[in-house]
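Novice: Sequence first, then the predicted structure, then my questions.
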Amino acid sequence: MKNALSRLARQWRGETRSKPACPAPREAGSVAPADPVSALIERVEASPHGRETLDARFLTIDDRVAFLYLEKVACTYIKNILVQEAFGSLEGFDPSYYLELWGKNNLIHTLAFEGLRTNGRDVLRSDRATITFCRNPYGRFLSAYFDKIVNPPEIEKPGFQWVRREILFKQVRQRNKAGVQAMAGGIRLEDFARFVAEQDEGARDKHWAHQHSLNLAHVHTANETIRIETLDETFPGLWERYMGRPLPRVAKPERNVSRKHHGLDKSIADIIYKTYERDFDLFGYARSSWQDFA
């Protein structure tokens, strides 16, 4: 009786807490839900190009910021800045001394890969800020066409010849005489656009895969997403804000000299738009913006 009265008194004064309810029994074979970051990483790893992004596309030079680059989105320029910050100027280096046919860009890409890449899983689990980039899908597609199909660097030619062969062989399989004859002058932009449109996303080369597959924009929002069309205006200020010092001055890569006549018209633009529609939506580029490149 005395214990009961004491308990009632404590309850009246608010000194006791309700006993927590027992958790509902877990069904046999069920798996406990993962924390949000682990669930995000699992989703990324299961998506096309996701594992490669986590393994290789996050670059860091300190513990403040991770730069999530994309191929054909000013990646050589971004890497050059980071490499210079980490290792100093590359002036005086002869890249071909280290590998025959190497140019400066090859050296930049390799130094960034060997020395600056960071496990993206660790970045997502940390408080580190992430800066990524995007580009008008029409412009990026044209860049991939010229730099990888029309006039790739000598060292890269063997790696992309299979695309040329496959586009030719498709016309052969269809017994398309006119299509085969058209290949005598090289792979046309329309041929390449149709080839890419028919590929599964996971089979697409990283230079023409969806941008959101590479920078994870469909599942993860970076602290900053910079359009390369406004890179000169926006990047210096963001760099200084996050890094605490002025943006280093580095030369931008020379554009491929073959980028003169590509034949982009509305019918080809429609193929490109339908292939990359989600990139247009996610990054806010207009379907009609192909006219800026015509």
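Specialist: Right, received. Where do you want to start?
Novice: Longest strand in the protein, please.
Specialist: Secondary structure of the chain read by DSSP state E shows that its longest strand is strand 129-134.
Novice: what does the next helix-or-strand element following that one contact?
Specialist: Moving toward the C-terminus from strand 129-134, the first helix or strand encountered (DSSP states H and E) is helix 137-144. The set of residues external to helix 137-144 that reach it, using CB atoms under 8 Å, 6 or more residues apart in numbering, is 72-73, 189, 193, 196, 205, 207-208, 211, 229, 256, 259, 262, 264, 269, 272-273, 276, 279-280, 283, 285, 289-290, 292-293. Placement of C-beta: from N, CA and C, glycine included.
Novice: So what angle separates the directions of helix 137-144 and strand 129-134?
Specialist: Angle, helix 137-144 to strand 129-134, by axes from the mean of the first three to the mean of the last three CA atoms, to 10 degrees: 80 degrees.
Novice: Mind checking which of the contacts of helix 137-144 are buried?
Specialist: 72-73, 189, 193, 196, 205, 207-208, 211, 229, 256, 262, 264, 269, 272-273, 276, 279-280, 283, 285, 289-290 (16 or more other CB atoms under 10 Å).
Novice: the bottom helix or strand of this protein by mean pLDDT?
Specialist: Least confident helix or strand, the chain: helix 2-12 with a mean of 43, by mean pLDDT, DSSP states H and E.
Novice: Quick check: chain neighbours aside, which residue is closest to G263?
Specialist: L189 (5.2 Å; CB to CB, 6 or more residues apart in numbering).
Novice: Distance from stretch 61-70 to the middle of the chain?
Specialist: Its chain's average C-alpha position is 13 Å from that of stretch 61-70, according to CA atoms, centre = their mean, to the nearest Å.
Novice: Name the residues that touch that stretch?
Specialist: Taking CB under 8 Å, 6+ apart as the rule, stretch 61-70 contacts 53, 57-60, 75, 78-79, 82, 85-86, 116, 118, 120, 123, 128-135, 211, 214-216, 222, 242-243.
Novice: can you rerun that using 6 Å?
Specialist: 57-60, 75, 78, 82, 85-86, 123, 128-133, 211, 214-215, 242 (CB atoms under 6 Å, 6 or more residues apart in numbering).
Novice: Now the buried members of those residues.
Specialist: 57-60, 75, 78, 82, 85, 123, 128-133, 211, 214-215.
Novice: ok, residues contacting stretch 203-221?
Specialist: Against stretch 203-221 from outside (CB under 6 Å, 6+ apart): 43-44, 48-49, 53, 68, 70-72, 132, 134, 144, 148, 196, 279, 282.
Novice: Test my guess that L107 contacts S96.
Specialist: No: using CB atoms under 6 Å, L107 is not in contact with S96, being 9.4 Å away.
Novice: re earlier: may I see the buried residues of the next helix or strand after the least confident helix or strand of the chain?
Specialist: Per DSSP H and E, the first helix or strand lying C-terminal to helix 2-12 is helix 36-45. With burial defined by 16+ other CB under 10 Å, the residues of helix 36-45 counted as buried are 40-41, 44.
Novice: Mind jotting down where the helices sit in the stretch 51-200 of the chain?
Specialist: Taking DSSP state H, counting those that start in this stretch as the criterion, the stretch 51-200 of the chain carries its helices at 75-87, 95-98, 104-115, 120-124, 137-144, 157-173, 177-182, 189-198.
Novice: how about JSON lines for these, with mean pLDDT and distance to V250 added?
Specialist: Putting those into JSON lines (pLDDT from 0 to 100; distance: least, CB to CB, whole Å) gives the following:
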{"stretch": "helix 75-87", "mean pLDDT": "96", "distance to V250": "5"}
{"stretch": "helix 95-98", "mean pLDDT": "95", "distance to V250": "16"}
{"stretch": "helix 104-115", "mean pLDDT": "96", "distance to V250": "10"}
{"stretch": "helix 120-124", "mean pLDDT": "97", "distance to V250": "24"}
{"stretch": "helix 137-144", "mean pLDDT": "96", "distance to V250": "19"}
{"stretch": "helix 157-173", "mean pLDDT": "92", "distance to V250": "26"}
{"stretch": "helix 177-182", "mean pLDDT": "89", "distance to V250": "41"}
{"stretch": "helix 189-198", "mean pLDDT": "96", "distance to V250": "31"}
